[in-house]
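> sequence and predicted structure are below.
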Amino acid sequence: FFFDVTATTEIYTRSIVGSVRCVQETGYQRRVHGDIYMDKDKAKEASAIAKEAFAKKDYSTAIKKYSEAISFDPTDHLLFSNRSACYASLEQYQDAFDDGKKCVELKPDFVRGYGRKGLAEFYLKKYEDAIQTYTAGLKLDPNNEQLKEGLERAKSALEPPSSPFGSQQEILQKLMSDPVTKEYFKDKDFLTKLQLCQTNPQMLFQLMSSDPRFMKVFQVISGISMEDLQNAQKGAKEAKEGQGEPMQEEPPMPQQKEEPVPPKQEEPKRKAEDEETMKKRKAEEEKMKGNEAYKAKKFTEAQTFYDNALAIYPKEPVYHLNKASVYLEQKMFEKVLEECDEAIKVSLELMPRPLEKIAKAYARKGNCFVQMSKLPEAIEMYDKSLLEMNDHSVREAKRKAEQLIHTLAEQQYFNPELAEERKEAGNKLYREGNYTAAIKEYDEAIKRNPKGAVLYFNRALALMKMLDHSRALNDMQKCLDLDPKYVKAYAKRGNIYHFLKEYHKALAEYDKGLFLEPNNEECLEGKQKTQQAVYQSPPDEERAKKAMDDPEIRAILSDPRIQQVLKEVKENPSGAVGACLLYTS
């Protein structure tokens, strides 16, 4: 009996691989990357689930699944890149940085990895490191807009623009002290434009030409009137033409305004300020007493102290927010909403507006709506809060509310009886050969009952008929995740791998099924058919190359003992085959 050396070597190697890839019950694992065990198929399956979770903004689940994928394949740079994006979405920037760094280490020419790493460094306030990372990425892709924007943002953060008119606090004090510009602060449009100027002082000069109010703003913060500016320009022009010097000896116009105000006029103002300060101090004392009572869960006493604080100084929105917290503990939801609205009302009357307190009021309303099971209203409040101030805890609260809506929708849609009806409809269409329609029925059945293992199995059968082997394998795996003893699923996975000529994987699947059910006919026939296919198939360079590209096979072949056996295969094929059968039995 003549054995082809190539075929014999392949069947021996694949038999070993099949044994190594056996289920965990057999006690074998796969060593392919140093001391780490890999399974690229499981890594792909976990990654596919992670991508679906990421698309739904379920970042926690995505991170869990990407971590699972990485445990199966720690050499895939894309897994670290994608998990870095999930961490960044949750503002866990240290973890995002670690994954971005690992991504770049695994594949230094992967441009997106530099974007991940640079973004994390920026939010960790490591601006110089971010600049270096973005620069390194741009060397690989000079036209990458994302890296360009990141680099400019990091440079801006490292060297923030300075205003020639003093600090932002000094500018605000000047504008609030002027009776004209003080009124501007009541207009939201003006406040938005002013914030742009604070971010980029050059915007002020652009707005002066389009919004007359900013002409007045410039006069107040610079101390220069437009008339003075025009006179200075005219004088400079005359001096240049030799027509005379500007009259520098003329006293400045605002000289009289600088005369000291008699002390008698200051006394009423100072007295009023002292009374205001005293009221604030007394109100704060009442608030502190209320906080102590709140911590001790003495809510009635706490409310009394907060009411006292408001009676003394009604201009402080925090006292309303504290009352709202007490009412929330007492489940008095309508009063919570009333106090939050009052806090917002008081805040809008203050100048400058306390954005942080307004944001807290909206967030507290959101928390109240969550407890009232009014989740859409809660999300609306969280959005309003984030418009006032970006706060991680509010973003997390909003994410949980969105996830809860999704979970509740799934629970409401859950109906095993309707799932069974859809499954039967799918089975009928499958028998008629209408596989596309059958898949749609199985899709709906799975939505109605996502825990039904047989539903994934049936859909996989329809997908196999459509030659969509990748999705079929995924569905079979989901079936096994729900029911690890579903032997038919192992048999079908073996059939798919046999069709794809990935014989070692087919043998592994049949072995898993036979481990659970030693006399299963489909697994026995499939295993025998696969072994014959390897024996009888002529040398196939493409298949041999594909086999050698398999990291599991490469790792096994690197074992000195296996190399010795393969050497014996070449020198004494018939004897080596006997040893192979003894080894794998």
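Now that the structure is in, tell me what you want to look at.
> can you find the helix or strand in the protein with the smallest mean pLDDT?
helix 5-20 (a mean of 44; mean pLDDT, DSSP states H and E).
> in the helix or strand following that one, what's buried?
Using DSSP states H and E, the helix or strand that follows helix 5-20 in sequence is helix 40-55. Of all the residues in helix 40-55, those buried under the rule 16 or more other Cβ atoms under 10 Å are 40-41, 43-47, 49-50, 53-54. (Glycine included, C-beta is placed from N, CA and C.)
> ok, now stretch 506-518?
Neighbour counts over stretch 506-518 (16+ other Cβ under 10 Å) mark 506-514, 517 as buried.
> in helices only, show me those residues.
Among the buried residues of stretch 506-518, DSSP state H puts 506-514 in helices.
> how far off centre is the helix or strand where Leu78 lies?
Using DSSP H and E, Leu78 sits in helix 77-89. In terms of Cα atoms, centre = their mean, to the nearest Å, the centre of helix 77-89 is found 8 Å from the chain centre.
> what's downstream of that helix, the next helix or strand?
helix 93-106.
> so for that next one, mean pLDDT?
On average, the pLDDT along helix 93-106 is 93.
> buried residues in it?
Buried residues in helix 93-106, counted by 16+ other Cβ under 10 Å: 93, 95-104, 106.
> cool, and stretch 119-134?
Residues of stretch 119-134 classed as buried: 119-122, 126-127, 129-134 (neighbour count, 16+ other Cβ under 10 Å).
> circling back: out of the buried residues of helix 93-106, flag the one nearest to Thr61.
Using Cβ to Cβ, Asp95 is the member of the buried residues of helix 93-106 that sits closest to Thr61, with 15.5 Å.
> in terms of pLDDT, where does the closest residue to that closest one other than its chain neighbours sit?
Spatial nearest neighbour of Asp95, chain neighbours left out: Tyr87 (4.2 Å); criterion: Cβ to Cβ, 6 or more residues apart in numbering. According to the prediction, Tyr87 has pLDDT 91.
> need the residue closest to the centroid of this protein.
Per Cα atoms, centre = their mean, the C-alpha nearest to the average position across the chain is that of Ser89, at 2.4 Å.
> next one: that residue from Asp95, what distance?
11 Å (Cβ to Cβ, to the nearest Å).
> now swap in Tyr442 and tell me
Using Cβ to Cβ, Tyr442 is found at 38 Å from Asp95.
> likewise Ala46?
18 Å.
> mind checking how far Pro74 is from Gln536?
Taking Cβ to Cβ as the measure, Pro74 falls 38 Å from Gln536.
> same check on Arg471?
Distance from Arg471 to Gln536, counting by Cβ to Cβ: 30 Å.
> looking at the two, which is more packed in?
Each of Arg471 and Gln536 has its neighbours counted (other Cβ atoms under 10 Å); Arg471 has more, 16 against 9.
> show the contacting residues for the more buried one.
460, 463 (Cβ atoms under 8 Å, 6 or more residues apart in numbering).
> now, which of the buried residues of stretch 119-134 lie within helices?
If you go by DSSP H, the buried residues of stretch 119-134 have 119-122, 127, 129-134 in helices.
> list just the nearest of those residues to Ala438.
Closest approach to Ala438 among those (Cβ to Cβ): Leu119, at 44.6 Å.
> ok, now which ones touch that closest one?
When contacts are counted by Cβ under 8 Å, 6+ apart, Leu119 touches 88, 96, 100, 130, 150.
> contact partners for the first one?
So that's Ala88. Ala88 makes contact with 96, 116, 119-120, 123, according to Cβ under 8 Å, 6+ apart.
> what is the helix or strand encompassing Lys174 packed up against?
Using DSSP H and E, the element containing Lys174 is helix 168-177. Using 3 or more Cβ pairs under 8 Å, 6 or more residues apart in numbering; DSSP states H and E as the contact test, the elements touching helix 168-177 are helix 179-184, helix 212-222.
> again, 7 Å this time
helix 212-222 (3 or more Cβ pairs under 7 Å, 6 or more residues apart in numbering; DSSP states H and E).
> let me know the angle separating the helix it packs on from helix 168-177.
For helix 212-222 against helix 168-177, the angle by axes from the mean of the first three to the mean of the last three Cα atoms, to 10 degrees is 120 degrees.
> quick one: buried residues of helix 212-222?
213-214, 216-221.
> any idea how far His77 is from Cys103?
Counting by Cβ to Cβ, the gap from His77 to Cys103 is 5 Å.
> shared neighbours of those two, anything?
Common contact partners of His77 and Cys103 (Cβ atoms under 7 Å, 6 or more residues apart in numbering): 110, 113.
> picking up where we left off before, ok, the residue nearest to the centre of the chain touching Ala62?
No. Using Cβ atoms under 7 Å, Ser89 is not in contact with Ala62, being 8.7 Å away.
> and the strands in the chain, which stretches?
Remark: strands of the chain are absent; assignment by DSSP state E.
> how about low-confidence regions in it?
Applying pLDDT under 70 to the chain flags residues 1-37, 158-169, 198-200, 202, 224-273, 537-557, 569-570, 572-585.
> residues contacting the residue nearest to the centre of the chain?
Applying Cβ under 7 Å, 6+ apart to Ser89 gives the contacts Tyr59.
> switch to 8 Å and redo it
Contacts for Ser89 were tallied using Cβ under 8 Å, 6+ apart; they are 57, 59.
> now swap in Asn322 and tell me
Contacts of Asn322 by Cβ under 8 Å, 6+ apart are 287, 290-291, 294, 302, 306.
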